[in-house]
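1. below is the sequence, then the predicted model.
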Amino acid sequence: MQYLDEILLHLDRSTVANDAPANFVVYKIFSDGVLAKTDFEKALFHLRASADKDYPFAQLELAKLSNPNISSIFEQMNIIGKNEVVANKLVDRASDALGLLADGGDAYAMLVLGMLYSGGLYPLFDFNLALRWLTKAYENGIKSAPNYLVLLYYQKLIQLEGHDPAVYAQHLAECRRWQIILKHDGSSAFDSVLNSCD
């Protein structure tokens with residue numbers, strides 16, 4: 001426990017020094033209750049501080065908690081309000097910041113951007129941008145990216161059903177190619193992904 005107290009003290013000092021990632025870590029610690037006693041008010045304070053400092057991962061988390069379509073313990077405890085306009089603004093700010101990080105080579109930011117544009121986190125669906133960022137994430141070492149690429153192609157196949165057979169066949173081939181990569185890498189997070197394009 002002594003080490004945990006020292007870690008929390010260091011993180012507390014970092015949050016005072018405007019360290020947005022430290023604020024986000026403190027939010028996680030107090031919201032999940034694994035390393036410290038759960039304190040949702042303190043967690044939310046640190047999440048907001050991190051989001052206010054333009055930390056995109058905190059902005060996305062706060063957007064999720066502010067989204068009226070997503071239930072959370074924070075809402076149940078009446079310590080956060082639901083506001084779709086606020087949630088959407090946070091997503092816009094986060095996607096701008098993630099774009100800068102991704103353009104700078106941050107593979108995790110590429111993955112999150114791809115998920116955003118695939119509709120996996122918020123309804124910003126843009127197939128081409130999702131494809132671009134998820135592919136770049138994989139090329140930059142994110143082994144879980146093909147999971148989302150298969151799901152992205154599967155969504156597109158549903159939309160293309162009954163339309164141009166050549167375009168459908170091309171997307172089906174790409175979906176299967178990413179399934180083969182998943183099977184080869186052994187990195188599928190979802191069993192259903194391995195069979196979605198069959």
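-> Thanks, I have the structure now.

2. give me the three-state assignment for the most centrally placed residue in the chain.
-> The structure's the chain has its C-alpha centroid closest to residue 112; by Cα atoms, centre = their mean the separation is 4.6 Å. Applying DSSP: H, G, I helix; E, B strand; the rest coil to residue 112 yields a three-state assignment of helix.

3. show me the contacts for it.
-> If you count contacts by Cβ atoms under 8 Å, 6 or more residues apart in numbering, residue 112 has them with 56, 57, 60, 98, 121. For every residue, glycine as well, the C-beta is placed using N, CA and C.

4. now, the residues you listed that are in helices?
-> Secondary structure of the contacts of residue 112 is defined by DSSP state H; positions in helices are 56, 57, 60, 98.

5. surely the last one and residue 56 touch.
-> Yes: counting by Cβ atoms under 8 Å, residue 98 does reach residue 56; the two are 4.8 Å apart.

6. now do the shared contacts for the two.
-> Taking Cβ under 8 Å, 6+ apart as the contact criterion, the residues that touch both residue 98 and residue 56 are 109, 112.

7. where are the low-confidence patches of this protein?
-> Within the chain, the stretches with pLDDT under 70 are 1-17, 76, 120-124, 187-196.
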